[in-house]
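Q: Next input, structure requested:
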Amino acid sequence: MNKERLHNSVAKVIKREFRRITERKTLYLLTIILPFIVAILLFVIFKNAVLREIPIAIFDEDHSELSQLITRYISSTPSMQIVDFTNSLDELKKDFKTDEVSAGFHFPKGMESTIKDGKQSNVELFMNTMNLVKSNTVMKDGSTIIKTISGGAFLQKLRSNGMMENQAMGLVNPIQIETKILFNPSYSYLIYLVPALVTFVLHMAVFLASVLLISTEFTEKTFSDLLKTADNKIPAIIIGKAVPHLTIQLMNVIILMGIFYSLFGINIAGSVFTAILFTFFFLIVVFFFGLMISSLFHDLMFSTELALFLTTPAFILSGLSFPLRIMPDIHSTYAQLMPYTHFIEGFIKIYQMGVPIQYLAPQFLKLSIFIIISIIVTVFVLKYNIKKNDMSAEKSK
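A: Numbers count the residues shown, from 1 in each chain. Take a look at the predicted model:
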């Protein structure tokens, strides 16, 4: 009988919460509209997954066959586009100041003749390192071009001296390195960044929505109505509040990872089901974490500000954009107190490395601790508020 009453109470709160979602634009926008709008924007912005046509300037003082050969190599590299041929170093540096170029090559006078005399010559590469991704791309591709041509020039000289092909190659390249790039071979923004950002948007949307759920009951003075609907049962309040929002978020995750990822060419290396399950479990954690804050603080503005304060640094401190292990201790410690840090560690394992679910046991355990603490605190706070509400009702009689 008690179970049947609890089920009825839960059902009434669920129905009430679905109605609140549809009637309140803030909840509707946060839980349904926002994640998809931001996800589509991210997919469109980063659809060109790899950097292409970085503007390059050339200052060629040598005007030799060798400098022209290097220029052709640079021109044929997809990551770089020659937009200017300058006549001086000052003109080259001016292009940087006017944002016309992101990098520049300087071929010094006498470069080819110096190399033919068996001496070393230098090619200067100027880079704007304010954008690390651009500068690293130019450095990688520029170095590859110079090493290739340099090795070719040395090989040609050895051949002209009568050395056999195998002997010459052994001197030119005595140690070969075979680079095997795992998980993101194309250095793609779309593969590396977008899926993590989509999960972060979901994280923010769920957290901001959940911190409103209890606090708005007090600001709108509807807490007594909630208690009446739930028959004063705390499990009915918690479950009834959770089911509508988590149902919506489960659908969001399924649509985003099951449909949107495929449409925009994002492939999950591991099991799609595991990725959806783990992400949904994380959103459950976020929901109850936000519900705890909502029960603790009844000032709507303060609850929202606190949610923003807790979620905004989560991406930066997650270890995705900068290694967690080399952050200052205070930052790395704070990062461990945020669910997103543990989630993204596990999500990368599924999404990029394709690991099976058993490898996520440490992350599941850490995230479970957040759920347990959040529910315990929420239950105690709700008990206190129910007693307080009952006392107020008795005084008013």
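
Q: contacts, neighbours, all on C-alpha from now
A: OK.

Q: Endpoints of stretch 96-108, how far apart?
A: End-to-end span of stretch 96-108 (CA to CA, to the nearest Å): 19 Å.

Q: same question for that stretch, mean pLDDT?
A: Mean pLDDT, taken over the full extent of stretch 96-108, equals 87.

Q: can you start the count at 40 instead of 1 from here on
A: I'll keep to 40 as the first residue from here, and by that count the last item is stretch 135-147.

Q: Could you list the buried residues of that stretch?
A: Using 16 or more other CA atoms under 10 Å as the test for burial, stretch 135-147 gives 135, 140, 141, 142, 143, 144, 145, 146, 147.

Q: and what of stretch 309-328?
A: Within stretch 309-328, the residues that qualify as buried are 309, 311, 313-328, counting by 16+ other CA under 10 Å.

Q: outside of stretch 289-306, which residues touch it?
A: Applying CA atoms under 8 Å, 6 or more residues apart in numbering, the contact partners of stretch 289-306 are 71, 74, 75, 82, 86, 229, 230, 311, 315, 318, 319, 390.

Q: got the end-to-end distance for it?
A: 20 Å.

Q: now do stretch 96-109
A: 13 Å.

Q: from the buried residues of stretch 135-147, which is closest to residue 183?
A: residue 144 (13.7 Å; CA to CA).

Q: Distance check, that closest one against residue 284.
A: Distance of residue 144 to residue 284, given as CA to CA: 56 Å.

Q: again with residue 92
A: 44 Å.

Q: Looking at the two, which one has more neighbours?
A: Between residue 92 and residue 284, counted using other CA atoms under 10 Å, the more crowded position is residue 284 (23 against 13).

Q: Now do stretch 331-343: distance to the chain's middle.
A: Distance of stretch 331-343 from the chain centroid (CA atoms, centre = their mean, to the nearest Å) equals 27 Å.

Q: what's the burial count for residue 273?
A: With other CA under 10 Å as criterion, residue 273 counts 20.

Q: Dump the one helix or strand residue 266 maps to to CSV, restricted to CA.
A: In this structure, residue 266 sits in helix 262-268 according to DSSP states H and E. Taking Å, rounded to 0.1, in the frame of the first residue of the first chain, the C-alpha atoms of helix 262-268 are listed here in CSV:
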residue,chain,number,x,y,z
PHE,A,262,6.8,24.8,-2.2
SER,A,263,3.7,24.1,-0.2
ASP,A,264,2.0,23.1,-3.5
LEU,A,265,4.9,20.8,-4.3
LEU,A,266,4.7,19.1,-0.9
LYS,A,267,0.9,18.7,-1.3
THR,A,268,1.4,17.1,-4.8
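
Q: buried ones in it?
A: Counting neighbours by 16+ other CA under 10 Å, one finds that the buried residues in helix 262-268 are 262, 263, 265, 266, 268.

Q: The closest residue in space to the second one that isn't next to it in sequence: how many residues sit nearby?
A: Distances taken as CA to CA, 6 or more residues apart in numbering put residue 428 closest to residue 263, at 7.3 Å, once the chain neighbours are dropped. For residue 428, the count of nearby residues is 15 (other CA under 10 Å).

Q: Kindly report the same for residue 304.
A: Residue 304: 13 surrounding residues under other CA under 10 Å.

Q: What separation do you get for it and residue 269?
A: According to CA to CA, residue 304 stands 45 Å off from residue 269.

Q: cool, and residue 357?
A: 38 Å.

Q: quick one: which of the two has more around it?
A: Neighbour count, other CA under 10 Å: between residue 357 and residue 269, residue 269 has more, with 26 against 23.
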